[in-house]
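Q: pasting a predicted model and its sequence here:
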Amino acid sequence: MENIVILKGITKIFPQVTANDNIDFELRKGEIHSIVGENGAGKSTLMKILTGLYRPSKGEIFVKGRKVKFHSCFDSIKLGIGIVHQHFMLIDNLTVIENLMLGIEGGFFIDERRIRKKAEEISEKYNLKIPFDKKIEEISTGDKQRVEILKVLLRDCDILIFDEPTQVLTPIEVVEFFKILRRLKEDGSSIIFITHKLKEVMEISDRCTVLRDGKKIGTLNRDELDERLIARMMVGRDIEEVKNPGGKIEEEVILEVKDLRFVEDDIEILKGISFCVKKGEILGICGVEGNGQRELVEIIAGLRKATSGRIFYRGRDITDFPVKGILSYSISHIPEDRLRRGLVLNFPLKENFLLTYQHFYPFKRWYGIDYKFLQDETKNAIDEFDVRGGDVDTPAGNLSGGNQQKFVVARELCRSPYLLIAHNPTRGVDIGSIE
């Protein structure tokens, strides 16, 4: 089978890290080729080189039999390479069709009718079922994923890259997404599938390439795929099964939620929720995304106000307390969306470590912020939680998505909270870090 993409000796060096180190990679026509690796292994960097967002420090790129040099992402799009990024690149207050038109060349005027007709034909062909006239903020996560797929197909891309595409999808949406991938493959598209989820690798892949510490460890064919083998190649050791840590659960009730209700835009999202969490207990809350989990967590964390009901923390009523009041009781919150609630991407890691705690001892002293203590605590957290890709002065936006998540988890756990509210804390995190 012919190779439609060949990367030879790709190296990418940043000031503090070598993200890709002499990587060779081939993508065959009409295959689904998975790329796996720990957070910071170099997966996203390699794809940014293939799509023209980064230029390699060394190495060669061949696309459809021709040696190429990309100066921008427009060069790669012209050769039929499209990427669906880990975080959706959509504008919430524009409609679906307006988002689809963005970046399409059309001279002084853009022919919306022509674009809509083509989008509807593609949507029908792949059963995408997208509401073209709704705003992005009004549609589901699965629909947003399909809009991103439609964006690359509208540009006639036949080399498709999906960077962690299933991390925000429900199980039902993942099934539908895989159906779309298989249809694309049947029509001759070549697909690169980046993921941390080994069960998905086993289900969808024709081949799998493993990266570790910026180096290629190996490529496995379909008949060689084995979860334990891939995990060992990813982290360099055998992965142990994660088990409940056990421990004594005491009778003291730390958190009690009573008949909590929340109504937004005349829709009752929370309908009389009640539960309690005892000292030493891990309480799991599960359900299909979009069924009130986010609202419940944000009300407890002080980010929203409940319509009715009460919340008690160690016997004290904290209903509708502000965030600063919640934090003062040694309650930590790992948010669902690290970009929206957890990090300021252009701030260095040490300033992100300080976020929300700039008013509290030991960071705040009588003379102001203790920057020496802040620097030391940030460095300790980076080392203890193996956050890769920079140091205390590195902007958070320079880290890979998984390492950003590890940093947010590290920050909240390093505060030794009495109560930890963790909303999807392992989202985008590799199997070694989860262990």
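A: Thanks, I have it.
Q: all contacts plus neighbour counts: C-alpha atoms, from now on.
A: Fine.
Q: and stretch 195-209, what's buried?
A: Thr195, His196, Lys197, Leu198, Val201, Met202, Ile204, Ser205, Asp206, Arg207, Cys208, Thr209 (16 or more other Cα atoms under 10 Å).
Q: and the furthest pair within those residues?
A: His196 and Asp206 (16.3 Å; Cα to Cα).
Q: and Gly42, how far is that from Lys216?
A: Distance of Gly42 to Lys216, computed by Cα to Cα, to the nearest Å: 9 Å.
Q: tell me which of these two has more neighbours.
A: Neighbours per residue (other Cα atoms under 10 Å) separate Gly42 from Lys216, with Gly42 holding more: 26 against 23.
Q: for this protein, what's the longest helix?
A: Assignment by DSSP state H gives helix 171-186 as the longest helix of the chain.
Q: follow-up on the earlier one: between the buried residues of stretch 195-209, which sits nearest Lys8?
A: Thr209 (14.4 Å).
Q: note down every partner strand of whichever strand or helix holds that closest one and its orientation.
A: Following DSSP states H and E, one finds Thr209 within strand 207-212. As defined by DSSP bridges, the strand partners of strand 207-212 come to strand 32-37 (parallel), strand 215-221 (antiparallel).
Q: if you count neighbours, what's buried in the helix or strand just after the longest one?
A: On the C-terminal side of strand 215-221, the nearest following helix or strand under DSSP H and E is helix 227-235. By neighbour count on 16+ other Cα under 10 Å, the buried set for helix 227-235 is Ile230, Ala231, Met233, Met234, Val235.
Q: quick one: neighbours of Cys286, just the number.
A: Cys286 has 8 nearby residues by other Cα under 10 Å.
Q: residue numbering should commence at 99 henceforth.
A: Okay, residue one is now 99; in that scheme the one you just asked about reads as Cys384.
Q: now do the same contact list for the residue nearest to it when sequence neighbours are not counted.
A: Counting by Cα to Cα, 6 or more residues apart in numbering, Cys384 lies nearest to Gln391, which is 7.9 Å off, once chain neighbours are set aside. Neighbouring residues of Gln391 by Cα atoms under 8 Å, 6 or more residues apart in numbering: Ile383, Cys384, Gly385.
Q: can you list the domains in the protein?
A: 101-333, 343-427, 429-533 (automatic domain parsing).
Q: can I get these in a markdown table with mean pLDDT?
A: Below are the domains of the chain laid out as a markdown table (pLDDT from 0 to 100):
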| stretch | mean pLDDT |
| --- | --- |
| domain 101-333 | 89 |
| domain 343-427 | 89 |
| domain 429-533 | 86 |
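Q: so which of the contacts of Gln391 is the closest to Tyr411?
A: Of the contacts of Gln391, the one sitting nearest to Tyr411 (Cα to Cα) turns out to be Ile383, at 18.2 Å.
Q: quick check, that closest one in a helix?
A: No - Ile383 sits outside any helix when classified using DSSP: H, G, I helix; E, B strand; the rest coil, being coil.
Q: how close does it sit to Lys376?
A: Ile383 is 15 Å from Lys376, by Cα to Cα.
Q: can you check Leu252 too?
A: 53 Å.
Q: hang on, the earlier thing: what is the nearest of the buried residues of helix 325-333 to Leu192?
A: The closest of those, once distances to Leu192 are taken by Cα to Cα, is Met332, at 39.9 Å.
Q: please name the residues that touch that closest one.
A: Val134, Gly135, Glu136, Val308, Leu309, Arg310.
Q: please apply the same query to Val506.
A: Applying Cα under 8 Å, 6+ apart, the residues near Val506 are Ile432, Arg436, Gly440, Leu441.
Q: measure how buried the nearest residue to the first one once chain neighbours are set aside is and give me the count.
A: Read it as Ile432. Setting aside the residues directly before and after it, Ile432 is nearest to Ala520 in space (Cα to Cα, 6+ apart), at 4.7 Å. Using other Cα under 10 Å, the number of residues around Ala520 comes to 16.
Q: then Asp190?
A: With other Cα under 10 Å as criterion, Asp190 counts 14.
Q: what does Met99 give?
A: Residues lying near Met99 (other Cα under 10 Å) number 8.
Q: check Glu284 too.
A: 12.
Q: contacts only, for it.
A: Gly128.
Q: host element of the spatially closest residue to Arg330 that is not a sequence neighbour?
A: Excluding its sequence neighbours, the residue lying closest to Arg330 (Cα to Cα, 6+ apart) is Asp336, at 5.2 Å. Of the helices and strands defined by DSSP H and E, none includes Asp336.
Q: hang on, Asp336 packs against Ile328?
A: No - the pair Asp336 / Ile328 is not scored as a contact, 9.8 Å apart, by Cα atoms under 8 Å.
Q: tell me where the stretch 99-248 of the chain has helices.
A: 141-148, 171-176, 194-199, 210-223, 239-252 (DSSP state H, counting those that start in this stretch).
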